[in-house]
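> Give the three-dimensional model of this entry:
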Amino acid sequence: MTQSSDERVGRFRQGRLVNGRPEALHTWRMTTDSVEVASRVTSLLGSQPQPDGVSGEQEHDILTERDSVRVILDGPDAVVTRMILRGHKGLIHECNGSEFLSPEKEKGQPCGCPPRLEDQKAAARTGRGPTPSIDITFRIAADSTLGEFQFLTGSWQMAAQVTDLT
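Residues are numbered from 1 along each chain as shown. So this is what the prediction gives:
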């Protein structure tokens with residue numbers, strides 16, 4: 001069973017901000033509030049923990065030496081995929097690609113999104129359609145007792161492959 005984001009011990013990331021600009025990374029970056037988690041991840045994946053001076057989100061920011069990390073997913077519920085469209089007043093559209101997930105009164109009803117991913121992407125590009133929001137909860141295979149980590153992505157490539165993952 002997956003834990004809430006408050007109970008996750010850290011978050012894996014694909015990039016960082018440098019001078020206010022996004023930068024894609026070739027190795028995994030992990031952030032955590034825990035000194036113990038930072039130390040254990042450093043010994044498992046290489047690098048040195050450093051205070052997070054970029055985002056201010058969490059205390060420890062580790063740029064690992066690994067471009068891949070073996071993980072354990074605890075069943076299909078470890079991967080949550082949604083399609084989201086936000087406006088200046090908040091959430092406009094939340095679905096799974098075919099049915100609404102919210103609001104409660106519309107939950108389960110057809111959302112009107114195109115069935116093909118290419119068409120969904122085209123609608124999102126124009127600002128009229130939702131984009132992927134994929135939340136993956138996992139454990140590091142090399143030390144599964146360390147706790148659960150989170151990886152969030154809005155990648156269309158991941159959206160195309162997520163059914164294979166689940």
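
> does Ser43 sit in a helix, a strand or a coil?
Of the three states, Ser43 takes helix under DSSP: H, G, I helix; E, B strand; the rest coil.

> Quick one: end-to-end length of stretch 116-134, please.
By C-alpha to C-alpha, to the nearest Å, the extent of stretch 116-134 from end to end equals 18 Å.

> got the buried residues for that stretch?
Going by neighbour count (16 or more other C-beta atoms under 10 Å), the buried part of stretch 116-134 is Gln120, Lys121, Ala123, Ala124, Gly129, Pro130, Thr131, Pro132, Ser133, Ile134. Quick note: C-beta positions are derived from backbone N, CA and C, even for glycine.

> what does the helix or strand that contains the third one contact?
Following DSSP states H and E, one finds Ala123 within helix 117-125. When contacts are defined by C-beta atoms under 8 Å, 6 or more residues apart in numbering, helix 117-125 is touched by residues Met83, Leu85, Gly97, Cys113, Pro114, Gly129, Pro130, Thr131, Trp156, Ala159, Ala160.

> export those to JSON lines and tack on distance to Arg66?
JSON lines is the format used below for those (distance: C-beta to C-beta, whole Å):
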{"residue": "Met83", "distance to Arg66": "30"}
{"residue": "Leu85", "distance to Arg66": "34"}
{"residue": "Gly97", "distance to Arg66": "32"}
{"residue": "Cys113", "distance to Arg66": "36"}
{"residue": "Pro114", "distance to Arg66": "37"}
{"residue": "Gly129", "distance to Arg66": "35"}
{"residue": "Pro130", "distance to Arg66": "32"}
{"residue": "Thr131", "distance to Arg66": "28"}
{"residue": "Trp156", "distance to Arg66": "24"}
{"residue": "Ala159", "distance to Arg66": "24"}
{"residue": "Ala160", "distance to Arg66": "24"}
